[in-house]
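[1] Take this sequence and fold it.
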Amino acid sequence: MEVKAQAKYVRIPTKKAKIVTDLVRGKPVKEALAILSFTPNYGARVTEEVLKSAIANAKNNYKLDPESLYISRIFADRATPFKRFRAQARGRGTQILHRQSHVTVYVSSREPAKTESKTKVKMQEKEEVKTGSKQAKRTKKEEATSGSKGTSKRA
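    As a prediction, the model looks like this:
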């Protein structure tokens with residue numbers, strides 16, 4: 001089960017937020033929090049807040065164990081920028097964009113080994129059925145070719 005937390009309209013450019021999100025993608029929650037706490041970046045503070053929120057959501061709303069959580073998906077999307085104007089020479093003005101982003105974190109708990117083994121068994125059964133039917137076709141072809149060789153008209 002994936003649990004989501006999101007911070008919207010954070011005043012950090014998406015390019016800078018993505019640097020931090022790439023650091024912790026796929027990591028266990030404990031390790032990700034350690035990495036973020038020692039990263040000297042504003043994006044790390046924001047991502048750490050969102051990650052803590054996702055952990056709290058998983059613990060309180062879905063009764064998941066915080067020790068077994070890992071970051072399944074994390075990304076920073078572009079939000080609408082603040083637009084400001086600055087006076088320039090000769091009576092002109094230029095636009096200044098204060099870029100913003102949405103930081104989203106999905107955490108999941110590690111699947112128990114039983115469900116993985118069930119899916120592996122099902123895949124193996126499917127492969128056996130496929131290979132079994134191919135082997136049956138091969139034996140039929142071999143019988144047909146060997147039978148025709150023995151009953152040759154020229155001999």
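[2] low-scoring stretches of this structure, by residue?
    The model of the chain has pLDDT under 70 over residues 111-124, 126, 128-155.
[3] in it, which spans are strands?
    Taking DSSP state E as the test, the strands found in the chain are 2-10, 69-78, 82-87, 93-98, 101-109.
[4] Mind giving me the packing neighbours of the longest one?
    With contacts defined as 3 or more C-beta pairs under 8 Å, 6 or more residues apart in numbering; DSSP states H and E, the packing partners of strand 69-78 are helix 14-24, helix 29-37, helix 42-62, strand 101-109. Every C-beta, even on glycine, is put in place using the N, C-alpha and C of the backbone.
[5] And for the third one?
    Helices and strands touching strand 82-87, by 3+ C-beta pairs under 8 Å, 6+ apart, are strand 93-98.
[6] picking up where we left off before, give me whichever of the strands of the chain is most buried.
    Among the strands of the chain, strand 101-109 has the highest mean neighbour count (mean count of other C-beta atoms under 10 Å), at a mean of 22.
[7] No more questions from me, cheers.
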